[in-house]
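> Compute the structure for the input listed below.
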Amino acid sequence: MSMPDVNTLFAGRTVFLTGGSGFVGQVVIEKFLHAVPDVERIYVLVRPAKGKTAHERWAAISSVLYLLQGVLFNRVRADCPHSLDKVVPVEGDITIDDMGLSQENLKRVLDETSVVIHCAATVRFNDTLRSAIELNLKGVERMIRLCKRMPKLESFVHCSTCYVNVDKEGDIEEKQYPVVCDPHKLIEGHGWMTDDMLNGITESMSRIYFNTYCFTKHVAEELVRRECSDLPALIFRPAIIAGIWKDGIPGWADAYQGMTANALGFGTGTVPRMPCDSSNPIDVVPVDVVSNMMIVCAAYRLHLTAQKDRSLPVFHCGTSHLNPFPIQRYIDLTGTFLAKYPLEKFIFAPTVGTRGNAVAEDKLHAFKQHVVGRSLDRLGGMMGKKPFSNGMMVSLKNFSWEHTFRKVREVYQVFIPFVSKRWIYKADNMVELIERMQPEDVEKFDFDVRKMDWKEYTSDFLFGMKTFLTKNDIMSDANLEVARKGVKIHTGVEMVANVLLGWLLSLLITGSFSSWPLALILGFASYYYLNCGMYRTVEIGTIESYRKRMNDAMRKEPLNNNQKA
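Presented below is the predicted three-dimensional model:
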């Protein structure tokens with residue numbers, strides 16, 4: 001049975017959104033304002049931070065005065081500027097009862113809200129279990145308690161993740177699987193357990209669920225199942241989220257998360273390899289697909305409530321089922337892209353591959369951290385600046401190579417488990433939802449991932465990373481040429497370094513200082529193994545096409561990242 005159009009379902013309703021200052025939350029707000037004209041109001045829970053109030057943080061997100069941060073809302077300002085007045089930032093914190101809302105704001109939220117979209121969570125995969133429970137589990141508990149006090153509530157969307165079931169492999173259905181931990185007991189234990197006790201749980205849990213994020217999200221779904229039997233709830237599970245596909249500024253992103261963090265590691269040469277079975281799919285989903293589907297899911301839950309349906313639907317929002325993206329395809333596209341359009345600043349020459357062993361690669365990162373990093377820091381102390389940083393020269397006071405390589409190793413350790421298995425997140429409910437939508441909504445809120453072209457999308461999200469995250473001047477051909485020359489220089493330096501390493505090894509093997517033939521063999525062999533022949537050169541999108549589409553979508557003069565706001 002079809003559902004009414006989305007705007008009609010939201011007409012006159014007030015939405016309460018948590019996580020609105022985050023990557024996904026910003027895109028959700030922008031889409032509501034641009035595509036749902038009859039929504040009454042959007043309360044956005046914003047935590048004060050860095051001395052800024054909720055209103056100041058919202059201004060930093062949405063204001064045209066912020067050159068790169070505010071551009072997401074350019075089309076709203078151009079097409080429906082008054083809709084920005086519908087956003088009401090309310091100061092709060094999900095770690096505090098009643099979400100930390102003032103009495104005045106609490107009364108308004110409780111009395112007016114009919115739709116709740118709960119996106120707030122810690123996305124630090126290596127966060128402590130204590131912090132993850134506080135945010136991802138107790139935060140959900142507090143939200144459910146709030147929902148139960150909302151007389152007008154007709155739709156509660158709990159944003160989870162596809163990776164709540166990483167303990168399994170193969171086809172993962174859109175349903176809830178048995179949990180390994182009672183959520184109430186874990187919340188209770190959070191209050192009396194010492195950090196050492198929680199760290200012990202973390203160690204055993206990480207063998208199954210990889211990290212505290214996946215584990216607490218897994219347990220939080222069970223909390224929703226138990227506590228929302230009398231609420232109009234829905235569980236929404238996105239996969240690995242990356243930049244905008246087609247609904248907004250192509251490639252736009254505002255945070256190094258998931259794919260952008262991985263691509264940055266490839267582009268800076270700091271995480272050159274991700275050893276895995278490259279035939280497995282990597283479940284990447286654009287943020288506008290997530291936003292569009294989340295809004296439609298909230299509308300669908302409104303429709304179910306009108307039909308007196310009290311079920312708890314589960315929706316996967318990913319690509320591995322309907323449009324699988326093999327890791328090798330991603331490697332080929334990214335390798336080709338970075339060879340043609342390198343980042344303006346990098347540490348090592350960009351390298352992209354899956355060769356090697358995951359444990360051995362981690363040991364190599366440890367070697368860079370403890371040996372290479374410390375050596376460069378000492379050398380920098382003598383030089384008065386940091387060597388070999390391709391323009392990223394900073395003062396000794398603020399920069400440490402050892403610290404940098406430690407952070408790089410953490411990125412590697414966080415990401416590598418997510419390419420360690422073959423998961424197919426079934427998306428039959430996604431297809432069914434599309435079939436229920438009105439034809440105009442199918443176009444307006446397009447989340448049909450079967451239409452995605454991976455060549456075009458990968459190019460766009462990488463161009464977006466260069467533009468909005470690394471702040472490269474995407475309009476400058478001169479800067480691009482300088483970057484290409486820098487890659488050639490770094491490649492030569494790294495090749496010489498490998499030959500010198502080969503010479504040291506040959507010295508240990510032969511005991512002779514003149515064993516250069518063996519040194520050359522060892523040096524070039526190690527360089528080839530570590531850097532060469534790991535991807536095929538394939539067709540990618542062009543920078544000329546991206547520049548035009550990006551500037552058209554931004555509704556302004558051509559972007560120049562060297563401008564001052």
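
> Surely residue 426 is in contact with residue 316?
Yes: taking contacts as Cβ atoms under 8 Å, residue 426 lies within contact range of residue 316: 6.4 Å. Bear in mind the C-beta positions are built from the backbone N, C-alpha and C, glycine included.

> Now do the contacts for residue 98.
By Cβ atoms under 8 Å, 6 or more residues apart in numbering, the residues touching residue 98 are 106, 142, 146.

> Now render the residues you listed as CSV, adding secondary structure, neighbour count and distance to residue 257.
CSV is the format used below for the contacts of residue 98 (DSSP: H, G, I helix; E, B strand; the rest coil; neighbours: other Cβ atoms under 10 Å; distance: Cβ to Cβ, whole Å):
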residue, secondary structure, neighbour count, distance to residue 257
106, helix, 17, 31
142, helix, 19, 24
146, helix, 23, 27
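
> Would you convert those residues into TSV that also reports pLDDT and distance to residue 523?
Compiled in TSV, these are given as follows (pLDDT from 0 to 100; distance: Cβ to Cβ, whole Å):
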residue	pLDDT	distance to residue 523
106	98	67
142	97	59
146	97	63
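
> now the helices: where do they sit in the stretch 451-565 of the chain?
Counting by DSSP state H, counting those that start in this stretch, the segments of the stretch 451-565 of the chain that form helices are 454-464, 477-510, 516-531, 543-554.

> So what's the gap between the lowest-mean-pLDDT helix or strand in the chain and the chain middle?
Among the secondary structure pieces of the chain, namely its helices and strands, helix 374-383 has the lowest mean (mean pLDDT, DSSP states H and E), a mean of 78. From the chain centre to the centre of helix 374-383 is a distance of 34 Å (Cα atoms, centre = their mean, to the nearest Å).

> Likewise for stretch 25-43?
21 Å.

> One more: stretch 222-229?
With Cα atoms, centre = their mean as the basis, stretch 222-229 stands 27 Å off its chain's centre.

> Show me what it is in contact with.
By Cβ under 8 Å, 6+ apart, the surrounding residues in contact with stretch 222-229 are 137, 140-141, 144, 147, 156, 158, 176, 179, 181-184, 233, 235, 310, 312.

> re the thing from before, which neighbours do residue 426 and residue 316 share?
Taking Cβ under 8 Å, 6+ apart as the contact criterion, the common neighbours of residue 426 and residue 316 are 172, 174.

> the strands in this structure, which residues?
With DSSP state E applied, the chain shows strands at 14-18, 41-46, 87-91, 113-118, 155-159, 170-172, 233-238, 240-242, 284-286, 314-317, 423-425, listed in chain order.

> possible to save those strands as TSV with mean pLDDT?
Conversion of those to TSV gives the following (pLDDT from 0 to 100):
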stretch	mean pLDDT
strand 14-18	98
strand 41-46	96
strand 87-91	96
strand 113-118	98
strand 155-159	98
strand 170-172	97
strand 233-238	98
strand 240-242	96
strand 284-286	98
strand 314-317	98
strand 423-425	98
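
> just those: most buried one?
Ranked by mean neighbour count under mean count of other Cβ atoms under 10 Å, these are led by strand 284-286, which reaches a mean of 28.
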